[in-house]
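>>> give me coordinates for this.
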Amino acid sequence: MSASESSVSEQSVSGQSIADVDLLTPSADRPVNAPGSHPEVARGKIGVVIVNLGTPDATDYRSIRRYLSEFLSDKRVVDYPRWLWQPLLQLVILSRRPFISGKAYESIWDKQRDESPLLTFTRDQAEKLSTVLKESLGERVEVDFCMRYGNPSTDSVLRRLNEKGCERVLFFPLYPQYGSPTTATANDQAFRSLMKMKWQPAFRTVPAYFADPGYQAALAATVTEAYAVAESRPEVLVASYHGVPKRFLESGDPYHCQCHKTTRLLREGLGFGESEIITTFQSKFGPETWVGPATVDKVAELAREGKKHIAVISPAFASDCVETLEEIEMEIRDAFINAGGETFTYVPCLNARDDHIHALAAIARRELSGWI
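Now for the predicted structure:
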């Protein structure tokens, strides 16, 4: 370093040399050596945000329509040309669909809290994850949750963490398998929020975690526990995943393959034979060819083949929601029983189970490496 450079680097700032001052160190919420008029700035924290799909605010027509419009207008979810899709969506689909979906949400709605189970479970997950991470990482970690669609919005939560002084944020989509209509759109929304910030935090996203040992162990434990209390042993365990159009698979989306790998790992963890667990897909929407077999059709087929008792698990959902509590517990159950089946066991999602929370915490700590 030259003498002139040394002179500059050691020049006095409010009576101290720059070499002796860490300008990033907060002092009473105000940067060191900042003038008294400088606004207070919260700094030095690390945010962890878990992200779920979303939920309407209520079950009335307008709330459901607002939610479905946001969801079905997402190009990651329905990628038809806007000029073709939006008139059909706004004028036809959303004139009828909110009534149907409203009844589905009404059947599972928590009347006491006036919220959907998905919101309840995700909040519980965030609160328990916060406790576990603070115990191991300290008070610097701020844990929150958001929804891709509906509230609390991604934008509001990232702004809140920014105001709390989170200079680094780990964004954690609760999708064990990567899918462009799930993981990618959640990340997209976060990036859009970051684009509006004057002072962006450093930012990381959590990758697919379907093969994580902790996640797999928790998944297997739910099956073992459900089988232990069942009146008889289910003849088949149906691993039902949310479906996607077949062209997603053909264009390189890894979701379909990761679902099958999830089932394989679960089978190996349980010690099941290949005939004891199968992979199916649910929630088909629209006229396209989707990946299959369809859960609703497959369970009916199993009943017609003589299977009297089956169990269904949803490894793609971290939290119970309308697709599990209404579609599986009601529609898919009815399809099996009406086709001649007798006993239907639903294996709940991992929700806020302790083993699930500890698995999520281990993943978060791994992805925070170098920040903590």
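>>> tell me where the model's unsure across this structure.
1-34, 36-43 (pLDDT under 70).
>>> can you check which helix is longest in it?
The longest helix of the chain (DSSP state H) is helix 117-137.
>>> please enumerate residues in contact with it?
Helix 117-137 has contacts (C-beta atoms under 8 Å, 6 or more residues apart in numbering) with 48, 50, 52-55, 108, 110, 113, 141-145, 147, 174, 318-322, 325, 349, 351-352, 354, 356-358, 360-361, 364-365, 368, 372. C-beta coordinates here come from the backbone N, C-alpha and C atoms, glycine included.
>>> filter these down to the buried ones.
For those, a burial check counting by 16 or more other C-beta atoms under 10 Å picks out 48, 50, 52-55, 108, 141-145, 147, 174, 318-322, 325, 349, 351-352, 356-358, 360-361, 364-365, 368.
>>> these in strands, which ones?
Among the buried ones among the contacts of helix 117-137, the members found in strands (DSSP state E) are 48, 50, 52-55, 141-145, 147.
>>> neighbours of W199, just the number please.
8 (other C-beta atoms under 10 Å).
>>> which ones are touching it?
N162.
>>> please report how far it lies from P98.
39 Å (C-beta to C-beta, to the nearest Å).
>>> ok, D74 next?
Taking C-beta to C-beta, one finds D74 at 17 Å from P98.
>>> the more surrounded of those two?
A count of neighbours by other C-beta under 10 Å puts P98 above the other of D74 and P98, at 23 against 16.
>>> which of the helices or strands spans that one?
Element membership for P98, per DSSP states H and E: helix 94-108.
>>> what residues of that helix count as buried?
For helix 94-108, a neighbour-count test (16+ other C-beta under 10 Å) marks 94, 97-98, 101-102, 104-105, 108 as buried.
>>> ok, now stretch 208-226?
208-210, 212, 214-216, 218-223, 226.
>>> pull the residues that contact that stretch.
175-178, 183, 237, 254, 258-259, 261-262, 265-266, 269-270, 311, 313, 315, 345, 347-348, 350, 353, 355-356, 358-359, 362-363.
>>> which residues does the closest residue to A364 other than its chain neighbours bridge with?
Distance criterion C-beta to C-beta, 6 or more residues apart in numbering; nearest residue to A364, sequence neighbours excluded, is V48 at 5.5 Å. With DSSP bridges applied, V48 shows beta-bridge pairing to V143, L170.
>>> what about V48, distance to M195?
Using C-beta to C-beta, V48 is found at 21 Å from M195.
>>> same question, I50
Distance from I50 to M195, by C-beta to C-beta: 22 Å.
>>> report the distance from stretch 192-201 to the chain centre.
21 Å (C-alpha atoms, centre = their mean, to the nearest Å).
>>> how about it: buried residues?
193-194, 201.
>>> nearest to E301, of those residues?
Closest to E301 out of the buried residues of stretch 192-201 is S193 (44.6 Å), distances taken as C-beta to C-beta.
>>> related to what we said a few turns ago, closest to D60 out of the buried residues of stretch 208-226?
Of all the buried residues of stretch 208-226, the one with the least separation from D60 (C-beta to C-beta) is T222, at 33.6 Å.
>>> which of the three states applies to that closest one?
Following DSSP: H, G, I helix; E, B strand; the rest coil, T222 is assigned to helix.
>>> would you put the C-alpha positions of the helix holding P98 in PDB?
What follows is helix 94-108, C-alpha atoms only, in PDB (Å, rounded to 0.1, in the frame of the first residue of the first chain):
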ATOM      1  CA  LEU A  94     -64.500 -17.900 -12.200                       C
ATOM      2  CA  SER A  95     -68.200 -17.300 -12.600                       C
ATOM      3  CA  ARG A  96     -68.800 -20.900 -11.400                       C
ATOM      4  CA  ARG A  97     -65.700 -22.300  -9.800                       C
ATOM      5  CA  PRO A  98     -65.800 -20.200  -6.600                       C
ATOM      6  CA  PHE A  99     -69.100 -21.800  -5.600                       C
ATOM      7  CA  ILE A 100     -67.700 -25.300  -6.000                       C
ATOM      8  CA  SER A 101     -64.400 -24.500  -4.300                       C
ATOM      9  CA  GLY A 102     -66.200 -22.500  -1.600                       C
ATOM     10  CA  LYS A 103     -68.100 -25.600  -0.600                       C
ATOM     11  CA  ALA A 104     -64.900 -27.600  -0.400                       C
ATOM     12  CA  TYR A 105     -63.200 -25.100   1.800                       C
ATOM     13  CA  GLU A 106     -66.400 -24.700   3.900                       C
ATOM     14  CA  SER A 107     -66.300 -28.500   4.600                       C
ATOM     15  CA  ILE A 108     -62.800 -28.200   6.200                       C
END
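>>> leaving out chain neighbours, which residue sits closest to S116?
Nearest one to S116, counting by C-beta to C-beta, 6+ apart, is T55 at 4.2 Å.
>>> ignore the last one, G341
The shortest distance from G341 to any non-neighbouring residue, by C-beta to C-beta, 6+ apart, is to A303 (3.7 Å).
>>> so what's that neighbour up against?
Counting by C-beta under 8 Å, 6+ apart, A303 has contacts 336-337, 339-341.
>>> tell me which element it is part of?
Taking DSSP H and E as the criterion, A303 maps to helix 295-304.
>>> next one: D74
Using DSSP H and E, D74 falls within no helix or strand.
>>> let me see the contact set for the closest residue to it other than its chain neighbours.
Nearest residue to D74, sequence neighbours excluded (C-beta to C-beta, 6+ apart): T185, at 5.6 Å. Residues in contact with T185 (C-beta under 8 Å, 6+ apart) are 74, 76-77, 148.
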